[in-house]
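Asker: dropping the sequence and predicted coords here.
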Amino acid sequence: MLEPPFKKARMEKENKSDTINEGSSEQRNVSQDMFDSSMDEENDNDWSGVSISSIPCLSNNSTLPSQYPAPHPGPGHSVCVQLPLTSVLPRPFPHTLRDVWDGFHVRLPWSRENLYPVEDKDNRGKKMLRSRWELIIEALTKDKLSSSLDLEEAVLTYNSRYRGKPDWDFTALHSLFTEEFEPEETEMFFNSTLPSMVDLLISSPTILTSPLPLLSAGSSHSITLSQQQVSVILVNAFFCTFPRRNAKSGGSEFSSYPAINWNSLYGTCTRRPEAHMEKLKCLLSYFSRVTTSCPTGLITYSRKVVPARGVPDWVRSSNNLTKLHIASKGTIEVEGRGMLQADFANKFVGGGVLRSGLVQEEIRFTVCPELIASLLFTEVLGDREVLVVVGVEQFTEYEGYADSFKFTGRVKDTMELDSSGRKKTSVVAMDAIRFIDSDEQFKTRNIDRELNKAFVAFQNRHVARLQAVATGNWGCGAFGGDPRLKLLIQMMAAAEVGRDVVYLTFGDSSLVRDGGDMYTFLVREKVTVGEIYRLLGGFGKSGRELVGNELYSWIYQQVGSIREDVGEMVDAYEADTDSEKGGSADEKEKENKSGKEESTVDIVKPVVETDELTDSDKWMNDQMDDIHSEAITSTNMKEVKNGGFFAALDKMEKGELSSKIKAEVCPIEASLGLSSEGSTDRSSTSAANILKKDEASEETKSLKQTNGATSVSSTPTQSKLTDFFPAK
């Protein structure tokens, strides 16, 4: 059995933990057998469709090929470890730190350009510049951190402008150590775990030596990191060290990226205070594990972008549905073991994981904290963009959902590794439209948007034989989606790419029955994806009540008539829906040629009780309105008055001041001789020169001698096709 789900969390490492957790994994395998055909009679009401034993997934006995290519450094893939792997713990690449501070890359805390204005002790009333990294190390090592109060004071030393701000209230963290943990647990954390975390943070520049490119909107790119390097990102997030990531205004440098510093986790959570404590336990348990036994695998984070011309012509699709297993019991991470696993994402990946959120996405990020690292470099997702993470590990077990969420102990993730040292766990973050008026989801433009998003998420052109996708009520619940419509949409997208589907309804037995009956009917009648698409369009204009049950009744009645004179119907349907889709065929062709990524849907702000929201939650809702799929990558320079250089620097650190400089290419491309013709404007601010020419030349020489290729970040106007999803 796992650790009991009582109030106090046990942070100490037990010698028998591996054995216990291996037992848990065996229990997981047993739980999957509930869907085996030998148990059909007992579980008739739990599932329908095909037996899960017929669904392809990666396992010890699987004949499926590797689903993703091995990491290979190149223009579309930044690999931060030395290849090939020659030791148990992957070695960083390059061997020594490459310090890059520009608008193309993450601004890392240990950069020499990360400066901070402080009081000059020799000249009272005046300020001087100091390395912020030195301030961080000094604050965390000068005196022993013996309590959460000491930790708070240390963190605010190098975040002094936020002292007293609502999102920098450490009340929840204080309660965790004084009320939730036993005294011996608190003592163990501050005597053992926290000092090890500080040591890991100090080692950051020697572990993560490569510049980290931003996975910016409109460009496909991949980043491969070791699990140790990911732990460096997370420990810096814990200590709130990332510069320029605390400003919330719409014009700040990283306003189109999720927050990454964990300060918002530490304040009072009025929405679900008890569950919030359980979230903190999960995250601290992760650090307890990685500081005593560092994981040795690799993880690949990939932003995947498909242009408008790359999505299917849905009305003309002749594909038939693939296999469907739909069940009321189970979770995506357990029953979907060895499958592509859907993350019902916010367009800002991670959603409310660093605030009060605790639904599907936030829970997955909490028990698999390595997913949180993606918040550092992933810009807001556009309509045809997803994030795929391969190799992520689960560190904790849980039970419950939302307010009932509870940490139940550590777990040893026994998922097999691929040939590149990544766990065969792949998660795709796919964001749905948020609806207030539920009728809106039945409009053609919104159906198209959701179909295209699911298509991008499920597509994988690297292999012909695909693992199934494990998914569920994507975009339902708080986002207002209808589960019966979303089931059809995901079945259609999966059929288009050739994936089977495992659909978990989270206890909705009626959906299992209705969905299974509809699937059986569509397969028996050999209804194609294109025919289902036309049925959906017809239902939206049928005058019926726009709900899932009525949709299914409509489909049963209309399947025969939809096939009469199909050619004329397609032409008439396309002509009828041109205006709704927002333009003529000529205009669409012009848009395709221009390559513009335009959002087709306005996200509507949900109605929520404001007294349940923290400042961070309110800001997120505002951002959901203000920021669409087009990234905010630069802002107009603001005039600085009565402040001079130090005032400007202060604004820079907060991400409120940027200057538009005309640069031929990214400095990394320039150093490698990979510049493209033309120029582009990119926001870039620095307290000193970015890189001198002679430095770049020397770095290039050393790079060519080792890995053969290195991390390259293309200009915003350059089309980047990642080798993570190459065509067959």
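Answerer: Looks like it arrived, so ask away. Numbering: from 1, shown residues only.

Asker: going forward, measure contacts and count neighbours with C-alpha atoms only.
Answerer: Will do.

Asker: ok, now which ones touch Pro183?
Answerer: Residues near Pro183 by Cα atoms under 8 Å, 6 or more residues apart in numbering: Phe177.

Asker: now do it against Leu176, distance only.
Answerer: 11 Å (Cα to Cα, to the nearest Å).

Asker: let me know the pLDDT of Val607.
Answerer: The score at Val607 is 38. That number is its pLDDT.

Asker: what about the residue nearest to Gln490 when sequence neighbours are not counted, which SS state?
Answerer: The shortest distance from Gln490 to any non-neighbouring residue, by Cα to Cα, 6 or more residues apart in numbering, is to Ala454 (6.3 Å). Reducing the assignment at Ala454 to three states with DSSP: H, G, I helix; E, B strand; the rest coil gives helix.

Asker: for burial, what's the neighbour tally of Ala454?
Answerer: A count of nearby residues for Ala454, using other Cα atoms under 10 Å, gives 26.

Asker: so it sits against Ala429, correct?
Answerer: No: counting by Cα atoms under 8 Å, Ala454 does not reach Ala429; the two are 10.2 Å apart.

Asker: strands along the stretch 201-350 of the chain, start to end?
Answerer: Listed in chain order, the strands of the stretch 201-350 of the chain (DSSP state E, counting those that start in this stretch) span 221-226, 298-305, 324-327, 340-345.

Asker: tell me how far the longest one lies from the chain's centre.
Answerer: The chain centre lies 10 Å from the centre of strand 298-305; the measure is Cα atoms, centre = their mean, to the nearest Å.

Asker: partner strands of that strand, with direction?
Answerer: strand 221-226 (antiparallel), strand 385-390 (antiparallel) (DSSP bridges).

Asker: give me the mean pLDDT for it.
Answerer: pLDDT averaged over strand 298-305 gives 98.

Asker: could I get the buried residue list for it?
Answerer: Using 16 or more other Cα atoms under 10 Å as the test for burial, strand 298-305 gives Leu298, Ile299, Thr300, Tyr301, Ser302, Arg303, Lys304, Val305.

Asker: what is the nearest of those residues to Lys347?
Answerer: Of all these, Lys347 sits closest to Arg303, with 12.4 Å by Cα to Cα.

Asker: now for the residue nearest to that closest one when sequence neighbours are not counted: which residues touch it?
Answerer: Distances taken as Cα to Cα, 6+ apart place Leu387 nearest to Arg303, at 4.6 Å, with adjacent residues excluded. Residues in contact with Leu387 (Cα under 8 Å, 6+ apart) are Tyr301, Ser302, Arg303, Lys304, Val428, Ala429, Met430.

Asker: would you format the residues you listed as CSV with distance to Gly74 included?
Answerer: Shown next, in CSV, are the contacts of Leu387 (distance: Cα to Cα, whole Å):
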residue, distance to Gly74
Tyr301, 15
Ser302, 14
Arg303, 15
Lys304, 16
Val428, 23
Ala429, 24
Met430, 26
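
Asker: list just the nearest of these to Gly330.
Answerer: Val428 (18.6 Å).

Asker: now the closest one: which helix or strand?
Answerer: Secondary structure assigned from DSSP states H and E places Val428 in strand 426-431.

Asker: buried sites along that strand?
Answerer: Applying 16+ other Cα under 10 Å to strand 426-431 flags Ser426, Val427, Val428, Ala429, Met430, Asp431 as buried.

Asker: repeat that for stretch 170-182.
Answerer: Phe170, Thr171, Ala172, Leu173, His174, Ser175, Leu176, Phe177, Glu180, Phe181, Glu182.

Asker: which ones among the residues you listed map onto helices?
Answerer: Secondary structure from DSSP state H places Thr171, Ala172, Leu173, His174, Ser175 of the buried residues of stretch 170-182 in helices.

Asker: so the nearest residue to Pro295 once chain neighbours are set aside versus Glu179, what's the distance?
Answerer: Once flanking residues are discounted, Pro295 sits nearest to Gln227: 5.9 Å by Cα to Cα, 6+ apart. Applying Cα to Cα, the value for Gln227 to Glu179 is 32 Å.

Asker: which SS class is Phe407?
Answerer: Looking at Phe407 with three-state DSSP, the answer is strand.

Asker: contacts only, for it.
Answerer: Pro5, Ala9, Glu278, Lys279, Lys281, Cys282, Thr396, Glu397, Tyr398, Glu399.

Asker: max-length helix in the chain?
Answerer: helix 273-290.

Asker: need the residues that contact it.
Answerer: Contacts of helix 273-290 (Cα under 8 Å, 6+ apart): 9, 11-13, 172, 176, 180, 193, 197, 231, 235, 265, 269, 356, 358, 366-367, 369, 395-396, 402-407, 410.

Asker: tell me the mean pLDDT over that helix?
Answerer: Per-residue scores along helix 273-290 average to 97.

Asker: buried sites along it?
Answerer: Under 16+ other Cα under 10 Å, the buried positions of helix 273-290 are 274-290.

Asker: how about stretch 212-225?
Answerer: 212-225.

Asker: then stretch 57-64?
Answerer: Quick answer for stretch 57-64 (16+ other Cα under 10 Å): Cys57, Leu58.

Asker: dump that stretch to PDB, keeping only the CA atoms.
Answerer: Taking C-alpha atoms only, stretch 57-64 is exported to PDB below (Å, rounded to 0.1, in the frame of the first residue of the first chain):
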ATOM      1  CA  CYS A  57      -0.100   1.200 -26.600                       C
ATOM      2  CA  LEU A  58       3.600   1.100 -25.700                       C
ATOM      3  CA  SER A  59       4.400  -1.600 -23.200                       C
ATOM      4  CA  ASN A  60       6.900  -4.400 -22.700                       C
ATOM      5  CA  ASN A  61       5.000  -6.700 -25.100                       C
ATOM      6  CA  SER A  62       4.200  -4.000 -27.600                       C
ATOM      7  CA  THR A  63       5.200  -4.300 -31.300                       C
ATOM      8  CA  LEU A  64       4.700  -0.600 -31.900                       C
END
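
Asker: just to revisit the earlier point, in a markdown table, list the ones in helices among the buried residues of stretch 170-182 along with distance to Gly472.
Answerer: Shown next, in a markdown table, are those (distance: Cα to Cα, whole Å):
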| residue | distance to Gly472 |
| --- | --- |
| Thr171 | 36 |
| Ala172 | 32 |
| Leu173 | 34 |
| His174 | 37 |
| Ser175 | 35 |
